[in-house]
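In: below are the sequence and a predicted model for it; my questions follow.
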Amino acid sequence: MTDSQKSTGKPYKKGCDKAAIITHNDNSKQSNLGDDIQAIAARRFLPGTAMVIEREKLNSCKENICTILNGWYMHHPEEFPPSETIVPLIITSIHISPNAATKMMNNKTIAYFKKHGPVGCRDHYTKNLLEKHGIDAYFSGCLTLTLNREDFINKETESRNARKDVLISDVFFRYKPEGGRRDIAKYYYFNLVKRRRLLKKILPPEIGKKAKYVTNFLNAENVSFEERMTRAEELLTKYATAGLVVTSRLHTALPCLAFGTPVLFVTENPDDERFSGLLELLHVVSLNDIEKIKKRGVFELDGKTIDWNNLTNKNNHLKIRNELIKTVSEAVLKAF
């Protein structure tokens, strides 16, 4: 929570009984803590204790609530737009899945976005999609860029600048060996040995040997929302204190930028519409780049051979981060 967003004890002005955060608690074996990480990013802007609403049931909500409408949309596009009892304080950092776009972009949704716009889009694909329908839209980046490292480190036992582990987070978790787009059910857990064999081409031996493996996957069949959030916070703590993170997860890489944690983004498909506008913020190595590596751990970023012990992030995310903090903070404060 930002200093300006600490609870004032005052009621909301817009006819809302309480604040809420949006997340997706799918209770599946392949649940993604990235949804919860996005919810954590929104939560810190809201006063007091925010309730939770399910992303896939927005149209079914009956409570009078205010929310920051952010995140990924959606498996059930028929549940959009949200019910009239949900007041969007701001619509920002949204991504509309291409699979859902046709069903979502109907007259009702278009009118909703026009009424509550301008709409902040997590990527250029979503921005272009909305603009094609006459909606005032802009590239906002992702709300996870606003996370604060100080919220995820133990200040009593750990130096503010302490950095330690090399973390490998879900590298090539989408990769389909024979090329093309993966079948989600079949390739979600692409053979770990093959993925690590590809990873070894990137990392020099001295880095690879000390690496630890973490994942955003969670078997959430019998896991409560509170436990999901705790797991996500624990994962963010690991990213906040890491010395280096290598990942194919957008919601690992962007929090790392926010934390100042050196991060390398590895992807088999740099043209994925979800990444448009975001890869420019990161150090990126593609599958094609890896296939060209002749000597283990030796490749170039921005024309220079990478120095693994001194990798530093770009800083072009800072303008996006600062603008997001400003616009979201101002939108929330108007609700009091």
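Out: Nice, thanks for sending it over.
In: give the contact list for residue 168.
Out: 199, 211-214, 245-247 (CB atoms under 8 Å, 6 or more residues apart in numbering). To be clear about C-beta, it is placed using only N, CA and C from the backbone, and glycine gets the same treatment.
In: for the stretch 151-300 of the chain, which segments count as helices?
Out: For the stretch 151-300 of the chain, applying DSSP state H, counting those that start in this stretch gives helices covering 184-187, 192-202, 205-208, 225-240, 250-259, 287-291.
In: compare those and give me the one nearest residue 169.
Out: Closest to residue 169 of the helices of the stretch 151-300 of the chain is helix 250-259 (CB to CB; 4.6 Å).
In: centroid-nearest residue for the chain?
Out: residue 251 (3.3 Å; CA atoms, centre = their mean).
In: pick the most deeply packed of the helices of the stretch 151-300 of the chain.
Out: Greatest average neighbour count among the helices of the stretch 151-300 of the chain goes to helix 250-259 (a mean of 27), per mean count of other CB atoms under 10 Å.
In: report the inter-axis angle for the top strand by length along the chain versus helix 250-259.
Out: As assigned by DSSP state E, the longest strand anywhere in the chain is strand 86-96. Angle, strand 86-96 to helix 250-259, by axes from the mean of the first three to the mean of the last three CA atoms, to 10 degrees: 110 degrees.
In: go through the helix or strand just after strand 86-96 and flag the buried ones.
Out: Moving toward the C-terminus from strand 86-96, the next helix or strand (DSSP states H and E) is helix 98-104. Using 16 or more other CB atoms under 10 Å as the test for burial, helix 98-104 gives 100-101, 104.
In: run a quick neighbour tally on the closest residue to residue 279 other than its chain neighbours.
Out: Leaving aside its sequence neighbours, residue 279 sits nearest to residue 270 (CB to CB, 6 or more residues apart in numbering; 6.1 Å). Other residues lying near residue 270 total 15 when counted by other CB atoms under 10 Å.
In: tell me the one among the buried residues of helix 98-104 nearest to residue 126.
Out: Closest to residue 126, out of all of the buried residues of helix 98-104 and judged by CB to CB, is residue 101, at 8.8 Å.
In: isn't the closest one up against residue 128?
Out: No - using CB atoms under 8 Å, residue 101 makes no contact with residue 128, being 10.9 Å away.
In: and the helix or strand containing residue 22, which strands flank it?
Out: Using DSSP H and E, residue 22 sits within strand 18-23. Strand 18-23 has its sheet partners listed here by DSSP bridges as strand 51-54 (parallel), strand 65-73 (parallel).
In: winner for burial among these?
Out: Of the strands paired with strand 18-23, strand 65-73 is the most buried (mean count of other CB under 10 Å), at a mean of 25.
In: could I get the average pLDDT for that one?
Out: Averaged over strand 65-73, pLDDT sits at 94.
In: report the distance from it to the chain centre.
Out: The chain centre lies 13 Å from the centre of strand 65-73; the measure is CA atoms, centre = their mean, to the nearest Å.
In: just to revisit the earlier point, hang on, the residue nearest to the centre of the chain packs against residue 40?
Out: No - judged on CB under 8 Å, residue 251 makes no contact with residue 40 at a distance of 10.2 Å.
In: SS state for residue 314?
Out: coil (DSSP: H, G, I helix; E, B strand; the rest coil).
In: tell me the contacts of it?
Out: Contacts of residue 314 (CB under 8 Å, 6+ apart): 281-283.
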